[in-house]
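**Student:** Fold the stuff below for me.
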Amino acid sequence: MRPMNPVDTRYARPRDGAYIAFQTFGSGEIDLHYQLDYFGNLDQMREAPWFGQILSQLATFARVIVHDRRATGLSSRNVPVPNLETRVADMRSVLDAAGADRPVLFGEREGGTPNVLLAATDPQRVRSIVWYGPAARSLQTPTYPWGVPPAYVQRESRMLELWGTGDFGRAFVETEAEAGHDVDGSFADLLNKLSRQTCTPDVANELSRVWLDTDISDVLPSVRVPTLLLAYRDDAVQLGEARHIASVMPESQLVTLPGSETDLDFGRFVDAIRGFLGVDRPPERDSVLATVLFTDIVGSTERQAALGDHEWKRVLERHHELVRESLDRYRGVENDTAGDGFFATFDGPARAIRCALAIAGRVRELGVEIRAGVHTGECEIVEGKHAGLAVSIGARVVGEAGPSEVLVSRTVRDLVAGSGFHFEDAGERALKGVEERWRLFRVADEADG
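**Tutor:** Okay, here's the model as predicted:
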């Protein structure tokens, strides 16, 4: 394979001012964003044989866009490790800076998770998804046997203590083999170098922790864009996980490749992607994944009786102003207002929580308290507004909350891993009109940002 031509590195600037380094390759009619996996340093990754080969082949029919996630590689390193929501926001900034209006999103393993979240929350922005070795979560559970067991997590923790040293690559190969993943032993020396160029050991540990805490299983059924899942037939774990994910993603198709990763045939791999992209279909636009926030004033009737109608009207008007100011700050969309209650939607759960906490704090100056409920799920779009079961669940969650309390569903808690929030288990609740019981969590304190 010929060396790839030198490329310019550019920087996207998300709202918080961080620098997200990205590069582009090729000039095809299709824009394809390649989400890097755990390691990330654009200059060094292009020297890796497997990465350089796949980039060069993808660039024959697509303009390929790659970026280093924040806190790693060529991007800003003096920033906190990103959670899933921040990774989606950074990817949006990169796509905007690159002028990619409706790209294909390509990712490997956990590198595919931000692609899924963006496609679910903003399907009109995404042409399609390609996900190699798909993984919805990291940890093994009775209902998700393809994750890694506790023993693997402990071994990985010990391995990360070697990050950047000469022993790291060998330990990585051994740990992956224990998890059933085939990794070429000659890979070790390259990984030693890549680890040093990616980040420092503390950042590597935090990246691992965020992935261990993240679970997008509940998001998968909400993805309504064409999705190609790729897996190798001889990798039992990878194939089993891919089959499961294909069964819950309504617009997905699974293509299995012969052999295992050690027999990687780049031509066959890229041909599968090329064939899939040749039958692209426009995304469905009548439903979307969204985070719903419901708030209302606790004891409003009693408070109105104590203040009188005139004074209560003044309090209510100021309450509405404070809520709308917070929605504007955290980019929430007001869907409905009834009396003292608000229903708003967000394309990211962490901002919904921060908005709820901000509202709860600000309205105390009025001598009132609100309660809030947050849930993430697939919503139907009816006459421009969000509707459906996810909205009903959010409305029921707020009814379980107490004064100045923000309750969230388990789905929300799993999606905001790494955001800095602390949660207390509020137990399982029977929500009126909803068949199954739901485990809720209380936001214990506010995260920074």
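**Student:** if I look at L415, how far off is H320?
**Tutor:** Applying C-beta to C-beta, to the nearest Å, the value for L415 to H320 is 29 Å. Every residue, glycine included, has its C-beta placed from N, CA and C.
**Student:** And A272, by the same measure?
**Tutor:** From A272 to H320 the distance is 53 Å (C-beta to C-beta).
**Student:** higher neighbour count, these two?
**Tutor:** A272 (17 against 14; other C-beta atoms under 10 Å).
**Student:** Quick check: that one touching L257?
**Tutor:** Yes: A272 is within contact range of L257, at 6.9 Å (criterion: C-beta atoms under 8 Å).
**Student:** Need the overlap of contacts for the two.
**Tutor:** Residues within reach of A272 and of L257 at once, by C-beta atoms under 8 Å, 6 or more residues apart in numbering, are L230.
**Student:** So the protein: which segments form each domain?
**Tutor:** Listed by automatic domain parsing, the domain ranges of the chain are 10-140+215-277, 287-445.
**Student:** Could you dump those domains into TSV with distance to Q154 added?
**Tutor:** Listed next are these as TSV, based on distance: least, C-beta to C-beta, whole Å:
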stretch	distance to Q154
domain 10-140+215-277	12
domain 287-445	19
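**Student:** Nearest to R155 among these would be which one?
**Tutor:** Nearest to R155, of all the domains of the chain, is domain 10-140+215-277, at 13.5 Å by C-beta to C-beta.
**Student:** Show the average pLDDT along that closest one.
**Tutor:** When pLDDT is averaged along domain 10-140+215-277, the result is 90.
**Student:** do the same with stretch 403-410
**Tutor:** Stretch 403-410 comes out at a mean pLDDT of 94.
**Student:** Any idea how far apart the tips of that stretch sit?
**Tutor:** Taking C-alpha to C-alpha, to the nearest Å, stretch 403-410 runs 21 Å from one end to the other.
**Student:** That one: how far from the chain's middle?
**Tutor:** When distances are taken as C-alpha atoms, centre = their mean, to the nearest Å, stretch 403-410 is centred 21 Å away from the chain's centroid.
**Student:** same thing with stretch 26-33?
**Tutor:** 23 Å.
**Student:** ditto for stretch 54-62
**Tutor:** In terms of C-alpha atoms, centre = their mean, the centre of stretch 54-62 is found 26 Å from the chain centre.
**Student:** And it, what's buried?
**Tutor:** Within stretch 54-62, the residues scored as buried using 16 or more other C-beta atoms under 10 Å are I54, L55, S56, Q57, L58, A59, F61, A62.
**Student:** Stretch 362-378 too?
**Tutor:** Neighbour count says stretch 362-378 has 362-363, 366, 368-378 buried, by 16+ other C-beta under 10 Å.
**Student:** Those into CSV, with extra columns for pLDDT, distance to A352 and secondary structure?
**Tutor:** Below are the buried residues of stretch 362-378 laid out as CSV (pLDDT from 0 to 100; distance: C-beta to C-beta, whole Å; DSSP: H, G, I helix; E, B strand; the rest coil):
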residue, pLDDT, distance to A352, secondary structure
R362, 94, 16, helix
V363, 93, 17, helix
L366, 90, 22, helix
V368, 92, 21, coil
E369, 92, 19, coil
I370, 94, 14, strand
R371, 95, 14, strand
A372, 96, 9, strand
G373, 96, 10, strand
V374, 96, 5, strand
H375, 95, 9, strand
T376, 94, 8, strand
G377, 91, 12, strand
E378, 88, 16, strand
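**Student:** Just give me the closest of the residues you listed to A135.
**Tutor:** Of those, the one sitting nearest to A135 (C-beta to C-beta) turns out to be T376, at 19.3 Å.
**Student:** Please list all residues in contact with the closest residue to the closest one other than its chain neighbours.
**Tutor:** Residue nearest to T376 in three dimensions, not counting chain neighbours: T291, with 4.5 Å by C-beta to C-beta, 6 or more residues apart in numbering. Applying C-beta under 8 Å, 6+ apart, we find T291 in contact with T345, F346, D347, G348, P349, R351, A352, V374, H375, T376, V412.
**Student:** Now T256: phi and psi?
**Tutor:** phi -100, psi 140 (degrees, to the nearest 10).
**Student:** contacting residues for it?
**Tutor:** Contacts of T256 (C-beta under 8 Å, 6+ apart): L230, A231, Y232, R233, L239, A242.
**Student:** Among those residues, name the buried ones.
**Tutor:** Judged by 16+ other C-beta under 10 Å, buried ones among the contacts of T256: L230, A231, Y232, L239, A242.
**Student:** Identify the farthest-apart pair in the residues you listed.
**Tutor:** Top of the distance list for the buried ones among the contacts of T256 (C-beta to C-beta): L230 and L239, 10.5 Å.
**Student:** looking at it, V398 is touching T295, isn't it?
**Tutor:** Yes: if you go by C-beta under 8 Å, V398 and T295 touch, sitting 6.8 Å apart.
**Student:** joint contacts of those two?
**Tutor:** With C-beta under 8 Å, 6+ apart, V398 and T295 have common neighbours R371, A372, G373.
**Student:** could those be laid out in TSV, adding distance to G427?
**Tutor:** Shown next, in TSV, are the shared contacts of V398 and T295 (distance: C-beta to C-beta, whole Å):
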residue	distance to G427
R371	16
A372	18
G373	15
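**Student:** Can you list the residue ranges for strands in the stretch 251-400 of the chain?
**Tutor:** 252-257, 287-297, 333-338, 341-346, 370-382, 385-387 (DSSP state E, counting those that start in this stretch).
**Student:** so which of the ones you listed comes closest to W312?
**Tutor:** strand 287-297 (10.2 Å).
**Student:** just the angle between the longest helix seen in the chain and strand 333-338, please?
**Tutor:** As assigned by DSSP state H, the longest helix anywhere in the chain is helix 309-329. Put simply, helix 309-329 runs at 160 degrees to strand 333-338, going by axes from the mean of the first three to the mean of the last three C-alpha atoms, to 10 degrees.
**Student:** Now do helix 309-329 against strand 287-297, angle only.
**Tutor:** 150 degrees.
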